[in-house]
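attaching a predicted model along with its sequence, questions to come.
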Amino acid sequence: MADLSTDFLGIKSPNPFWLASAPPTDKEYNVRRAFEAGWGGVVWKTLGEEGPPVVNVNGPRYGAIWGADRRLLGLNNIELITDRPLETNLEEMARVKADYPDRALIASIMVPCEEASWKAILPRVAETGADGIELNFGCPHGMSERGMGSAVGQVPEYIEMVTRWCKQYYDKPVIVKLTPNITDIRKPARAAKNGGADAVSLINTINSITAVDLDDMCPEPTIDGKGSHGGYCGPAVKPIALSMVSEIARDPETYGLPISGIGGVTTWRDAAEFMVLGAGNVQVCTAAMTYGFKVVQEMISGLSQWMDEKGYSSTSDFIGKAVPNVTDWQHLNLNYITKARIDQEACIKCGRCYAACEDTSHQAIAMKPGRVFEVKDDECVACNLCVNVCPVEDCITMEQLAPGAVDERTGKTVEADYANWTTHPNNPAATAAE
Amino acid sequence: MGNSPFTPGLAAGRLPAKDLATNFGDLHPPLEHHEAVVAADRCYFCHDAPCMEACPTSIDIPLFIRQIATGTPEAAAKTIFDQNILGGMCARVCPTETLCEEVCVRETAEGKPVEIGRLQRYATDTLMAASLHPFTRAEPTGKTVAVVGAGPAGLACAHRLAMKGHDVVVFDARAKAGGLNEYGIASYKSVDSFAQKEVDWLLQIGGITVETGKALGDGLSLDGLKADYDAVFLGIGLSGVNSLRAEGEDTGNVADAVDFIRELRQAGDLSALKIGRNVVVIGGGMTAVDAAVQSKLLGAENVTMVYRRGQDRMSASEYEQELAASKGVRIVTHAMPKAVIGNGAVREVEFEYTKDGPNGLEPTGETFRLPADQLFRAIGQRLKGAPDGLTLDGGKIAVTGAGRTSLDGVWAGGDCASGGDDLTVTAVAEGRDAAEDIHAALSA
Ligand SMILES: Cc1cc2nc3c(=O)[nH]c(=O)nc-3n(C[C@H](O)[C@H](O)[C@H](O)COP(=O)(O)OP(=O)(O)OC[C@H]3O[C@@H](n4cnc5c(N)ncnc54)[C@H](O)[C@@H]3O)c2cc1C
Ligand SMILES: Cc1cc2nc3c(=O)[nH]c(=O)nc-3n(C[C@H](O)[C@H](O)[C@H](O)COP(=O)(O)O)c2cc1C
Ligand code: SF4
């Protein structure tokens, strides 16, 4: 059976599934139960400064969007960092770590952007025996208005500065958690690296309003007639997170910087996708909040089965394996030509492909008597929309035209050679192919 | 007191009142809000949807289902009523398994269609519960139309005409409007006086006067109506019943299934209704199934449906046959009645087996008898009392186009007219289309 254990920055855990810093890791009670359920590690709910803790709203703090059967697709929250005293958290962390030496325990920290604050908290965290720290530069609400969280994460110079302080006053691994509420995720990642970070983790939540109450004219969740933007997470954010992870993984300036992948991980497959795009492990929040700690069992069995099927004996065999295949649009092969193919046996004749192509694409599907749908090769540009809207899996597929075949749409013979936009005659900036 | 399914002969109250209430409750309970949203999410919003084509009234099914999915069942109901003003009844009685749901692509894909009928009921019930009538009348045209028969065909025709601004008078021989919706449909398909509520709701449009207890051929004449109104629509259904042509069928406790059902539908107290211990129903259609099932639900011990041809030829759908079987009705095929035996009242029925021969059905010579305290005939209804002067076709009023009869200014639709299946939804479509044609003729 595959070995799921991971070594992330020298921190060992029995599997790559960690719980992200959030309510699931808010206290000793939760974390013990999470470890019993099989989680490989936890990032403790973000700690704040010594002194009176922050307070949360006393009305609803979550909003959500759902599929028809109330499948939770996206979650939004306006919760702050821990609202329990620092001392309590530190005592609990120390106890848990002592009892679970084989699991990863990371302290998430958010204190004001002043050297003294970091210098004060870091030794105390070190005393707990935690395996490392994660700097919460991501929280997009409440804390950011106090100059912390994403207010820091949006300014690369601050990230670099704070990271440097941490490396100076703390000798175990420092992970910088990034906010996605920024235009180019590579900038904060580079800053973290320059500050000496051992790794980055991403994404934190995305600014969002999940719904508006059309009677009360108020965003949800509603607190006494008002609402504020929250942070979005869960399955809906996964595509955004995957893209950001891949950007950092392939950026020459941050290439090789370890990444902890976060954002919408719900199944083993999601986790595997993050990992092949360069994440050394993953962190999970919403899936645990939706289904409870037990979901990790499916993640473990699924990843293990997939690794066995693929012949990967350890997670390092596949981490980053898809990174070389992430490229820029301009490097995509324009001589790769496909056509949609409809499997008439599998077709249930719903006509969605027809409506989509006829109304919004290239009028490349014919509807014949008896509701027979056929692709017109002379019109099909291979956009994939029919594949995407077809309700039957594998009913419509893309078939590559072999070199030498004629593309009926353009009348041209398919060339075997790779050729991309950079050399295309229509590109004003094209560099001569020769 | 103390009657049970085993009490010999005819007896009332074979089952406790609470069992009767359960038995005659909704066959398909209405969908709850969440169930409806989940059921609606299964629809693929097909292009040129097959379900829509299979619906005789061409309801835009994918659209109304999407309107339910997006939280606007009232708009969904409007989509339904635009095409089918009796969409509430149709949601309950349509044999969807042979119409829209049969061709749903999810039936093709998984053998489990989108629950179109129940979704339609969810939408229409929502709007009707709010007592909203979503249509208003056009400017008065000053034209008047007589509609004979207040069944689905007549009501659909009247509503559409009223909407167009014409004044309509609906005549019906019976005491209540609704036609077979009121007197024929199985009780468990239309509970809580839905037929009457639907008529009242439909009439909210205004411009329609209903005159019950007025029959064509008995007080009213076609010539008289033609003289008094600008157009006439006939939706008189099929009020005649075919006879068995079996020896002795004129004896006691032998009745037409439709009469039994009508009595049952109108019974205030089901525990006062007498039913035999052994009931035999002859026929293989929807009426036979309804009579058989309801006999069983009233507490008859043995109910047997006997059909002269093979099971595959029964006009009752497979679903209806399964329903009958699930209620404990025994279905005997390939047997036809020869004699009704009994002294003053039926005691036994003699049948002869049949087989399919080169010239149709042939008796095999082998006979058998079934004990029967009650025998119901359900071998088809036929046109009765059609006014003279109308051309007939296959025993029905011949129509061309949208219900035009051989007489100028006279239209017909529903069961009494040629063409189309004898279904509520078909009657609605024909009544509606005739109204459009009448409107076009009156506006010319
Ligand atoms: C027992 C039974 C069960 C059925 N179940 C179903 C079902 O589950 N689903 C389904 O889709 N269909 C069902 N049908 C068929 C459906 O009821 C008919 O197809 C439909 O009612 C036809 O509508 P209509 O308006 O043409 O006729 P009807 O509903 O028969 O209405 C005709 C009206 O005309 C009146 N009338 C008749 N003669 C005269 C006259 N001379 N003067 C004045 N008024 C007159 C009658 O009183 C009646 O009110 C069933 C039929 C029967 C008999
Ligand atoms: C209620 C809630 C509270 C959170 N609090 C924190 C926090 O204190 N510190 C932090 O770094 N991230 C916090 N997060 C963000 C999560 O750790 C995680 O980055 C995000 O939810 C994306 O992962 P997911 O899609 O698996 O939920 C919080 C998320 C939620 C839903
Ligand atoms: S056929 Fe079925 S899936 Fe397609 S539109 Fe109709 S109800 Fe929806």
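Arrived safely, thanks for sending. Ligands and ions are numbered 1, 2, ... in the order given.

quick check: residues of the stretch 101-250 of chain B near ligand 1?
Residues of the stretch 101-250 of chain B lying close to ligand 1 by CB under 6 Å from any ligand atom are B:148-154, B:171-174, B:179-180, B:184-185, B:189, B:215-217, B:235-237, B:239. (Each C-beta comes from the backbone N, C-alpha and C, glycine too.)

filter those residues down to the buried ones.
B:148-154, B:171-174, B:179-180, B:184-185, B:189, B:215-216, B:235-237, B:239 (16 or more other CB atoms under 10 Å in any protein chain shown).

so A:Met1 sits against A:Trp306, correct?
No: using CB atoms under 8 Å, A:Met1 makes no contact with A:Trp306, being 11.9 Å away.

these two - which one has more neighbours?
Neighbour comparison, A:Met1 and A:Trp306: the larger count goes to A:Trp306, with 16 against 8 (by other CB atoms under 10 Å in any protein chain shown).

which residue is the nearest non-sequential neighbour of that one?
What sits nearest to A:Trp306 in space, not counting adjacent residues and going by CB to CB, 6 or more residues apart in numbering or on different chains, is A:Ala272, at 6.2 Å.

what about the helices in chain A?
Here chain A has its helices, by DSSP state H, at A:28-37, A:86-99, A:115-127, A:150-153, A:156-169, A:186-194, A:238-250, A:268-276, A:286-291, A:295-310, A:352-360, A:385-389.

deepest of the ones you listed, which one?
Most buried of the helices of chain A, by mean neighbour count (mean count of other CB atoms under 10 Å in any protein chain shown): helix A:150-153, with a mean of 25.

pLDDT on that one, on average?
Across helix A:150-153, pLDDT averages out at 83.

same for that helix, what does it pack against?
For helix A:150-153, the helices and strands in contact under the criterion 3 or more CB pairs under 8 Å, 6 or more residues apart in numbering or on different chains; DSSP states H and E are helix A:156-169.

any residue of the lengthiest helix in chain B touching ligand 1?
In chain B, with assignment by DSSP H, the single longest helix is helix B:424-443. Yes: using CB under 6 Å from any ligand atom, helix B:424-443 reaches ligand 1 at B:424-425, B:427.

who does the closest residue in space to B:Asp256 that isn't next to it in sequence bridge with?
Leaving aside its sequence neighbours, B:Asp256 sits nearest to B:Val241 (CB to CB, 6+ apart; 4.4 Å). Counting by DSSP bridges, B:Val241 is bridged to B:Gln381.

closest point of the stretch 251-400 of chain A to ligand 3, which residue?
Here the residue of the stretch 251-400 of chain A nearest ligand 3 is A:Cys350; by CB to the nearest ligand atom that distance is 5.6 Å.

skipping adjacent residues, who's closest to the residue in the stretch 51-200 of chain A that ligand 3 sits nearest to in space?
Relative to ligand 3, the nearest point of the stretch 51-200 of chain A is A:Ala68 (13.7 Å; CB to the nearest ligand atom). Leaving out its chain neighbours, the residue that sits closest to A:Ala68 by CB to CB, 6+ apart is B:Asp41, at 3.2 Å.

now do A:Gly67
For A:Gly67, the spatially nearest residue (CB to CB, 6+ apart) is A:Leu73, at 5.7 Å.

pull the number of nearby residues for that neighbour.
16.

that one and A:Cys233 touch, don't they?
No: assessed by CB under 8 Å, A:Leu73 is found out of contact with A:Cys233, at 10.9 Å.

show me whatever sits in contact with both of these two.
When CB atoms under 8 Å, 6 or more residues apart in numbering or on different chains defines a contact, no residue borders A:Leu73 and A:Cys233 alike.

check contacts around residue 90.
No chain was given, so I picked chain A. By CB under 8 Å, 6+ apart, the neighbours of A:Leu90 are A:47, A:124-125, A:127-128.

you looked at the wrong chain, it should be chain B
Contacts of B:Cys90 by CB under 8 Å, 6+ apart are B:57, B:84, B:120, B:424-425, B:428.

from those, list the ones also adjacent to ligand 2.
Okay, of the contacts of B:Cys90, nothing touches ligand 2 (CB under 6 Å from any ligand atom).

ok, of those residues, which one's closest to A:Tyr312?
Using CB to CB, the shortest approach to A:Tyr312 within the contacts of B:Cys90 belongs to B:Gln120, at 52.2 Å.

tell me which element the closest one is part of?
If you go by DSSP states H and E, B:Gln120 is part of helix B:116-129.

return that helix as CSV; C-alpha atoms alone will do.
Below are the C-alpha coordinates for helix B:116-129, written out as CSV (Å, rounded to 0.1, in the frame of the first residue of the first chain):
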residue,chain,number,x,y,z
ILE,B,116,-43.1,16.2,-14.5
GLY,B,117,-46.7,15.4,-13.3
ARG,B,118,-45.9,16.0,-9.7
LEU,B,119,-43.9,19.1,-10.4
GLN,B,120,-46.8,20.4,-12.5
ARG,B,121,-49.1,19.8,-9.5
TYR,B,122,-46.7,21.6,-7.2
ALA,B,123,-46.7,24.7,-9.4
THR,B,124,-50.4,24.8,-10.1
ASP,B,125,-51.4,24.0,-6.5
THR,B,126,-49.2,26.9,-5.3
LEU,B,127,-50.9,29.4,-7.5
MET,B,128,-54.4,28.0,-7.0
ALA,B,129,-53.9,27.9,-3.2
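
quick one: that helix near chain A?
No: using CB under 8 Å from any CB of the partner chain, we find that helix B:116-129 stays clear of chain A, coming within 12.7 Å at best.

circling back to that earlier point, tally of neighbours for the residue of the stretch 51-200 of chain A closest to ligand 3?
Neighbour tally, A:Ala68, other CB under 10 Å: 14.

wait, it touches B:Cys43, no?
No: taking contacts as CB under 8 Å, A:Ala68 lies outside contact range of B:Cys43: 10.3 Å.

up against ligand 2, what does chain A have?
So chain A meets ligand 2 at A:20-23, A:45-46, A:75, A:77, A:79, A:81, A:108, A:136, A:138-139, A:177, A:204-205, A:233-234, A:237, A:262-265, A:284-287 (CB under 6 Å from any ligand atom).

ok, now which ones touch the closest residue to B:Pro140 other than its chain neighbours?
The spatially closest residue to B:Pro140, leaving aside those adjacent along the chain, is B:Gly165, at 5.2 Å (CB to CB, 6+ apart). B:Gly165 is in contact with B:137-141, B:143, B:207, counting by CB under 8 Å, 6+ apart.

now B:Gly165: phi and psi?
Main-chain torsions, B:Gly165, degrees, to the nearest 10: phi 100, psi 0.

where does the prediction get shaky in the chain?
Using chain A here. Scanning chain A for pLDDT under 70 picks out the ranges A:139, A:431-434.

ah, I was thinking of chain B
B:1.

do you know how far the residue of it positioned farthest from its centre is from ligand 3?
Residue farthest from the centre of chain B, counting by CA atoms, centre = their mean, is B:Gly365 at 36.3 Å. According to CB to the nearest ligand atom, to the nearest Å, B:Gly365 and ligand 3 sit 49 Å apart.
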